Each structure stands twice: as C-alpha cells, then as structure tokens.
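Novice: Sequence first, then the predicted structure:
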Amino acid sequence: MEGVPDPDREAKLDRIEEVLDRFPDRVFAFDEFGPLGIRPTSGTGWVPASHPEQHPATYHRTHGARYFHGCYSVGDDSLWGVSRRKKGAANTLAALRSVRAARPDGAPVYVILDNLSAHKGETIRRWAKKNRVELCFTPTYASWANSIEAHFGPLRQFTVANPTTAIQRWLTVHLYVAAEGTVSPGLTHSPWGRSLG
C-alpha cells in the first residue's frame, strides 16, 4: 500500500485475523491509554448539571499523571487492567504475565498489541517465547486491528471523564480492584459512600 511505512502490514493483519478466527478463546489484546487526568469532557459528568458549570484546570498535575494498562480477553469478553504512573517495559511485562495467568494451562496464547517500543524489548520477547505467548503486533496506523481499542472509548467516556481529584483517586482504586480483586488499606468507600469491599 503506497504511503504506509510498515512493509509487513498485510502479513501482520493476516496473522491477527487468523488467530482471532482459529483461537478466539486464547486471544488477548493489550494497550495503554492516558494520561488519566481531570479534563472536562463535553456532555458527560458525575453530578447533575448545575449553572454555571466549573471546569477544573489541568495545567498543574500535583498528583502526577497515570495511565491505564488494559487487557481484554476476546473469548471471555472481559476487560481488566490497572492504573500505573508511567508506560514502560516493566508494566507491559506485568500485563503480559496477567494474560498468561488467565490461561495457566501452558498452551499458547496470542496477544494483540501495538508497536510501542515498550512492547518490543528483548526482555519481553524472551519472556514471551519462554512462556508460549505470541506477540501479534498491529501494523503502523492500524490501531483498529486491536480489539481493546473498541473498549477504551466507552471506558474513557463513561468511567474516567470529568472526575474530581477525590473521584479520580477512587477510580484508580476501583480499576485496581477490578484487576486484582483487593482493596488498598484505608480506602474502603467511594466518594459517594459506597463500600469498596
């Protein structure tokens, strides 16, 4: 295809299609999105609309930025993940380990992910080969080939959009609870008084 910088585009798309068709219960998708921040998003909010609407500023990130590292099981149609302070190879490897743990039988699993350099390091490739995890990279400009991308839009719009600082802290814990099934000490209730445990 002219103007596309990935010479293996068709081969990568064919491999992704093949694993999705042949092994749907063994296919996972992984990606990150963020930074998760307090940013106004038109048409959404956590509280009933009032006048005038106040939008929090984003130019001071006193609590830092966080990124959601998500995994999606195609066969189980389930999404899980964790909020982390940065993208990087160590966090990618942690996500791949959670995928392998979802299918502990030792049979091959296939992970669709993009070409971010943090996904392709030697440590990750060595671990993947040893643990029978095939990394199926999407071609450049083909993020649509990663199944998890369809879930990030609704997750961002309906879960992460327009939080206050207290709600963002609760969201971080809630996303962690969904991923790990545990609650951090001292964080037992959401900002609305709902129990986390």
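Specialist: Sure thing, it's come through. Numbering: from 1, shown residues only.
Novice: Give the partner strands of the longest strand belonging to the chain in its sheet and their orientations.
Specialist: Ranked by number of residues, the top strand in the chain under DSSP state E is strand 27-36. Using DSSP bridges, the strands paired with strand 27-36 are strand 66-73 (antiparallel), strand 109-113 (parallel).
Novice: deepest of these, which one?
Specialist: Comparing those by mean neighbour count (mean count of other Cβ atoms under 10 Å), strand 109-113 ranks first with a mean of 24. C-beta: built from backbone N, CA, C; applies to glycine.
Novice: next SSE after it?
Specialist: As assigned by DSSP states H and E, the chain's next helix or strand after strand 109-113 is helix 122-130.
Novice: List of residues touching that next one?
Specialist: Contact with helix 122-130 is made by Ala89, Thr92, Leu93, Leu96, Val111, Val133, Glu134, Leu135, as judged by Cβ atoms under 8 Å, 6 or more residues apart in numbering.
Novice: residue boundaries of the helices in the chain?
Specialist: Remark: helices assigned in the chain by DSSP state H are 9-22, 89-102, 122-130, 149-155, 165-180.
Novice: just the CA coordinates of the first one, formatted as PDB?
Specialist: Extracted as PDB, the C-alpha positions of helix 9-22 are listed here (Å, rounded to 0.1, in the frame of the first residue of the first chain):
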ATOM      1  CA  ARG A   9       1.300  -4.600   7.100                       C
ATOM      2  CA  GLU A  10      -0.600  -7.300   5.300                       C
ATOM      3  CA  ALA A  11       1.200 -10.200   7.000                       C
ATOM      4  CA  LYS A  12       0.500  -8.700  10.400                       C
ATOM      5  CA  LEU A  13      -3.200  -8.100   9.700                       C
ATOM      6  CA  ASP A  14      -3.500 -11.600   8.200                       C
ATOM      7  CA  ARG A  15      -1.900 -13.100  11.400                       C
ATOM      8  CA  ILE A  16      -4.200 -11.200  13.700                       C
ATOM      9  CA  GLU A  17      -7.200 -12.300  11.600                       C
ATOM     10  CA  GLU A  18      -6.000 -15.900  11.700                       C
ATOM     11  CA  VAL A  19      -5.600 -16.100  15.500                       C
ATOM     12  CA  LEU A  20      -9.000 -14.400  16.000                       C
ATOM     13  CA  ASP A  21     -10.700 -16.900  13.700                       C
ATOM     14  CA  ARG A  22      -8.800 -20.100  14.900                       C
END
